[in-house]
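**Student:** Here is a sequence together with a model predicted from it:
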Amino acid sequence: MTQIANDQQLRAALTALTPEEQRLMGARFAGSVMHLCQDERVRRAHQIALSPEAEPSEREDAFKAAKAYAVKTYTACGKDTDWLAQADHFVAAAIAAALTPADQLPAKSNPAWKAAVQARMAKNCESMEVEEGEEETESDRQYRIASQYL
């Protein structure tokens, strides 16, 4: 098992993955913060992102649903009063990142890395509302998830 201990190692490992593996890894990262999701369509999109058997048209529809919800909830990010609404936005953005079709990705973009960063943002927002800290940071959790996968 490959042991990933920092962002540089994580990014290198994610870059070496196939587009299909990047989608699955991004979905796993998003799964770590799915408890913050308030929208059933985003939850379904997450399940589709995790499914190796999902048809391309299903993935495209799931991407559109997650992206639409992320756009709709974007305005919550300008407010500093509802951290959990902001976390919800970042969960949708993480799912959308994982499901982004290859033809819509900028050159040298990695959907798994983008999903990882969005998941971290969701966790940061949640931490503003929760008084107790966790023993494992979201970054550490992602290193563990990637290490187990690889």
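**Tutor:** Cool, the structure landed.

**Student:** Which of the three states applies to the residue lying closest to residue 5 once chain neighbours are set aside?
**Tutor:** Spatial nearest neighbour of residue 5, chain neighbours left out: residue 143 (6.1 Å); criterion: CB to CB, 6 or more residues apart in numbering. The C-beta positions use only the backbone N, C-alpha and C, and glycine is treated the same way. Classification of residue 143 using DSSP: H, G, I helix; E, B strand; the rest coil returns helix.

**Student:** Verify the contact between residue 143 and residue 6 for me.
**Tutor:** Yes. Using CB atoms under 8 Å, residue 143 is in contact with residue 6, at 7.5 Å.

**Student:** quick one, what contacts the closest residue to residue 129 other than its chain neighbours?
**Tutor:** Leaving aside its sequence neighbours, residue 129 sits nearest to residue 83 (CB to CB, 6+ apart; 4.8 Å). Shown in contact with residue 83 (CB atoms under 8 Å, 6 or more residues apart in numbering): 125, 126, 128, 129.

**Student:** how much space between residue 83 and residue 123?
**Tutor:** 11 Å (CB to CB, to the nearest Å).

**Student:** Quickly note the distance from the residue nearest to residue 129 to residue 44.
**Tutor:** In terms of CB to CB, residue 83 sits 25 Å off from residue 44.
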